[in-house]
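In: Sequence and predicted model, in that order:
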Amino acid sequence: MKILITGVSGQLGRCLVERLGNEHQIIAADRTMLDLSKPDTIVTTIRQIAPDLIINPAAYTAVDKAESEPELAAAVNTHAVAALAEAAKTLNIPLIHYSTDYVYAGNKKDTNGQLAAYTESDPVAPLNVYGQTKADGEQAIRNTGCRHLIFRTSWVYSPYGKNFLLTMLKLANEREQLNIVNDQFGAPTSAITIADITAQIIAQMSSARDTACAENWWKMHQGTYHLVNAGTTNWCDFTRAIVQEAQQAGLLKTPGPAISGIPAVSYPTPAKRPENSMLDLNKLKLAFGVSVPEWRESMQECIRYLK
């Protein structure tokens, strides 16, 4: 397949290019080729490239900065996504798009008052500008009626770029004490895992594409799914796991810092974060038959890669 991938300078875009590059013809679209901040140019560019599939990991992800730059965040996360979807509909090209746990309010609980994982049918209620622009982008895709898969993910990290795991490794080599939020819960998710599962799903899609079953495949699978690593932790325990694994891999220059948990209220940020980012994986597993690794396993893989 000829696949157009946006945001290739980002951590997920880079992982997708690496994972899919040996199996497909990849058009790696950086900003010079496809500027998502200029939605009026998108349709013409995609028409010229004529891909078989569009994958859109590109996003405005500066969660706190979005509070003071709502127009720019909306331009990339909503308006550009709408233009991509319109192009996909016009040219009859499927679209894979990545969204976020931040579309939810983060307050879902079970009948016992314990935090419960969100399912795809739960209503969205973003707490911040970033989450709202991502939720609006999702809806823009649905409104076009294009063939699409939307994958909501959470706490994404990789060996590349700027992310929580790399920041903690840096700080662990510089500081004797780390105070990390311990009352926000979710699944740290490796961009390598996201790329691998995306590749498995594309393989299923590609098989159906070569038969008369393509329309049926999309009728059965089109929609929104959660795609995160399995399991749940909090930011503080995630940090402890990172440091422990990095020590064993010899990536820390020192014995490692003391790590203490603090409540989110002790670390105020411009954008409010959800307490509960737990996402249910059952729909993804049932629809595509994929096996999702546990978060600690994928974190260890990332540390080994860095070593």
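Out: Cool, got the structure. Numbering: from 1, shown residues only.
In: how about the strands in the stretch 51-200 of the chain?
Out: Along the stretch 51-200 of the chain, the stretches classed as strands by DSSP state E, counting those that start in this stretch are 53-56, 95-100, 148-153, 156-157, 177-181, 185-186, 189-190.
In: Adding distance to residue 245 and mean neighbour count, write those out as a markdown table.
Out: In short, each C-beta sits where N, CA and C put it, glycine included. Listed next are the strands of the stretch 51-200 of the chain as a markdown table, based on distance: least, CB to CB, whole Å; neighbours: other CB atoms under 10 Å:
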| stretch | distance to residue 245 | mean neighbour count |
| --- | --- | --- |
| strand 53-56 | 30 | 26 |
| strand 95-100 | 25 | 24 |
| strand 148-153 | 21 | 24 |
| strand 156-157 | 13 | 25 |
| strand 177-181 | 15 | 16 |
| strand 185-186 | 19 | 22 |
| strand 189-190 | 13 | 28 |
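In: I'd like those strands written out as CSV, with mean pLDDT and distance to residue 24 added.
Out: Formatted as CSV, these follow (pLDDT from 0 to 100; distance: least, CB to CB, whole Å):
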stretch, mean pLDDT, distance to residue 24
strand 53-56, 96, 8
strand 95-100, 98, 13
strand 148-153, 98, 16
strand 156-157, 97, 22
strand 177-181, 95, 39
strand 185-186, 97, 31
strand 189-190, 98, 21
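In: Out of those, the one nearest residue 74 is which?
Out: Across the strands of the stretch 51-200 of the chain, residue 74 has its closest neighbour in strand 95-100 (14.5 Å, CB to CB).
In: And that closest one, how far out from the chain middle?
Out: Strand 95-100 sits 8 Å away from the centroid of its parent chain (CA atoms, centre = their mean, to the nearest Å).
In: For it, C-alpha coordinates in PDB please.
Out: Extracted C-alpha coordinates of strand 95-100, given in PDB (Å, rounded to 0.1, in the frame of the first residue of the first chain):
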ATOM      1  CA  LEU A  95      -8.100   7.600   7.300                       C
ATOM      2  CA  ILE A  96      -6.400   6.400  10.500                       C
ATOM      3  CA  HIS A  97      -6.300   9.100  13.200                       C
ATOM      4  CA  TYR A  98      -5.000   9.200  16.800                       C
ATOM      5  CA  SER A  99      -6.800  10.900  19.700                       C
ATOM      6  CA  THR A 100      -6.400  11.000  23.400                       C
END
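In: Show me what it is packed against.
Out: With contacts taken as 3 or more CB pairs under 8 Å, 6 or more residues apart in numbering; DSSP states H and E, strand 95-100 sits against strand 53-56, helix 80-91, helix 129-144, strand 148-153, helix 191-209.
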